[in-house]
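Asks: Sharing a model prediction with you, sequence too.
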Amino acid sequence: MKAFALVVIGLALFVLPSRSVADSTSNFRVAYLSQSHGYPVCIMDAMTLANACPYEPEEGSDGRSLAWSPDGTMIAVQQELFDNGENVGARILVLAADGSDHLANGRPSPAVVTGLARVEGRPMWSADSRRVAGIGEGGIVIANIAGGPLDVLELGEVGIFDAAWSPDSTQFTVGRADADGNAVLVLVDARTGAQRTLLDFAGNEIGAGFFNGISWSPDGQRILFTYSPPPLAPGPGGASQHWIVDADGSKARMLYNSPVQNGLMLEARFSSDGQFIAFDGYSGAIRNVFVMKADGSDVHQLTHSATGAFGPRFDGEGRVLYFDLDTASEINMITFDSDDPEHGAVKALLPGIEFEWAPAPGRLPAVADSS
């Protein structure tokens, strides 16, 4: 389950206040999807709350997930397309993060980069910000931001749960089902599509299952993922586990095992230096945000929500964004201090779904939007 589905169900739509946004550079930009109709793409400064919405979706398109380009100049958005309420496709479009009408390469912004190919999941950027990928039917679809034909890495007629591009853009980690329905984690060469099994869960105490939230450590040495084992993964009654494995397939170990069997897929993210992992887990029956060292030690609870906190994301300076259902402002921020990890200052931001820290400082959009 993605945070998108967990947050949208049962929530009323909010209207963001119109703000005067200076044409300035910020170290704390956050891209998010507003809860307005169609889920516009908005950008805010997490410190000043300056806010602007540079992209209003076309009628019949709903944003589901987003990702910053590594250079911080673009945002890729995965959208579902509808016609009279029927889902008719899914695509990735790319827009300029500063609100301008063109991308850095001169292509108009926003640009649909995947054409008619149906592409699911969170967009995945190459390290040079020139390509963006998504999960297609039977493989991985890779689009060149400058235009041209799509590259498709065919993975066969198997289920693909999640994928992540390596930091050096040479390979993908893919969580999928094999021909027998067993869950496997594979490495896929980003140029040839050749596959190598990293972890095979068949025949052990894990068995089949469902992957979510695959990510690489910044140095490319380790892979973090969330796994929901059978028999009901990821349906009601399923559990979630956070795992880590070295990039060569060695030292696979479970970092966290959910004590609550409620079917919700949890999330985990590395800090920018790869030394810590922020994750959602359970404090009693309530989901909250925790931080631990990347080896699984020194676990600390960061949030103490009475109704649920989840979906943590680190920035480069120890700040953690997360959803909190205690407040009307679902996006909250807590400052993580490794010397005093349990006493971070909490700041409420804005209502929204699906958010990501910018990887680099940049200019905020100059024109505010009231979406």
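Replies: Received it, and whenever you're ready, just let me know what you need.
Asks: so what's residue 68 bridging to?
Replies: Under DSSP bridges, the beta-bridge partners of residue 68 are residue 75.
Asks: what's the distance between it and residue 98?
Replies: Residue 68 sits 12 Å away from residue 98 when distances are taken as C-beta to C-beta, to the nearest Å. Every residue, glycine included, has its C-beta placed from N, CA and C.
Asks: So between those two, which is more surrounded?
Replies: Of the pair residue 68 and residue 98, residue 68 is the one with more neighbours under other C-beta atoms under 10 Å, namely 24 against 21.
Asks: contacting residues for that one?
Replies: By C-beta atoms under 8 Å, 6 or more residues apart in numbering, the contact set of residue 68 is 31, 74, 75, 97, 125, 356, 357, 358, 359.
Asks: Name the member of those residues that has the highest neighbour count.
Replies: Going by other C-beta under 10 Å, residue 97 tops those with 27 neighbours.
Asks: Per-residue pLDDT of the nearest residue to it once chain neighbours are set aside, please?
Replies: Spatial nearest neighbour of residue 97, excluding adjacent residues (C-beta to C-beta, 6 or more residues apart in numbering): residue 75 at 5.3 Å. Each residue has a pLDDT score; the one for residue 75 is 97.
Asks: Report whether the expected contact of residue 75 with residue 32 is present.
Replies: No - at 10.1 Å, residue 75 does not count as touching residue 32 under the criterion of C-beta atoms under 8 Å.
Asks: which residues are in contact with both of the two?
Replies: Looking at what touches both residue 75 and residue 32 (by C-beta under 8 Å, 6+ apart), the common residues are 41, 66.
Asks: could you say what helices and strands the helix or strand residue 214 falls within packs with?
Replies: Remark: residue 214 resides in strand 210-216, with elements defined by DSSP states H and E. Judged by 3 or more C-beta pairs under 8 Å, 6 or more residues apart in numbering; DSSP states H and E, strand 210-216 is in contact with strand 160-165, strand 171-177, strand 183-189, strand 222-228, strand 268-270.
Asks: so it versus strand 171-177, what angle?
Replies: Going by axes from the mean of the first three to the mean of the last three C-alpha atoms, to 10 degrees, strand 210-216 is angled at 170 degrees with respect to strand 171-177.
Asks: how far out from the middle of the chain is strand 210-216?
Replies: The chain centroid and the centroid of strand 210-216 are separated by 10 Å under C-alpha atoms, centre = their mean, to the nearest Å.
Asks: Tell me which residues are up against it.
Replies: 1-2, 161-167, 173-176, 183, 185, 222-228, 233-234, 238, 240, 247, 265-270.
Asks: can I get the CA coordinates of it in PDB?
Replies: Taking C-alpha atoms only, strand 210-216 is exported to PDB below (Å, rounded to 0.1, in the frame of the first residue of the first chain):
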ATOM      1  CA  PHE A 210       4.700  -8.400  -1.500                       C
ATOM      2  CA  PHE A 211       7.500  -5.700  -1.800                       C
ATOM      3  CA  ASN A 212       7.200  -2.000  -1.200                       C
ATOM      4  CA  GLY A 213       9.500   1.000  -0.800                       C
ATOM      5  CA  ILE A 214      12.700  -0.300  -2.300                       C
ATOM      6  CA  SER A 215      15.600   2.100  -2.000                       C
ATOM      7  CA  TRP A 216      19.400   2.200  -2.300                       C
END
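Asks: Which of the three states applies to residue 118?
Replies: coil (DSSP: H, G, I helix; E, B strand; the rest coil).
Asks: how many neighbours does it have?
Replies: Neighbour tally, residue 118, other C-beta under 10 Å: 17.
Asks: Quickly find the element holding the spatially closest residue to it that is not a sequence neighbour.
Replies: When the adjacent residues along the chain are set aside, residue 118 lies closest to residue 90, with 5.0 Å between them (C-beta to C-beta, 6+ apart). With secondary structure defined by DSSP H and E, residue 90 is part of strand 86-96.
Asks: Pull out the buried residues from that strand.
Replies: 89, 90, 91, 92, 93, 94, 95, 96 (16 or more other C-beta atoms under 10 Å).
Asks: again with stretch 332-347
Replies: Those would be 332, 333, 334, 335, 336, 341, 344, 346, 347, for stretch 332-347 by 16+ other C-beta under 10 Å.
Asks: Could you pull up the residues touching the closest residue to the fourth one other than its chain neighbours?
Replies: So the one you mean is residue 335. Nearest residue to residue 335, sequence neighbours excluded (C-beta to C-beta, 6+ apart): residue 344, at 4.6 Å. The contact partners of residue 344, by C-beta under 8 Å, 6+ apart, come to 302, 320, 334, 335, 336, 337.
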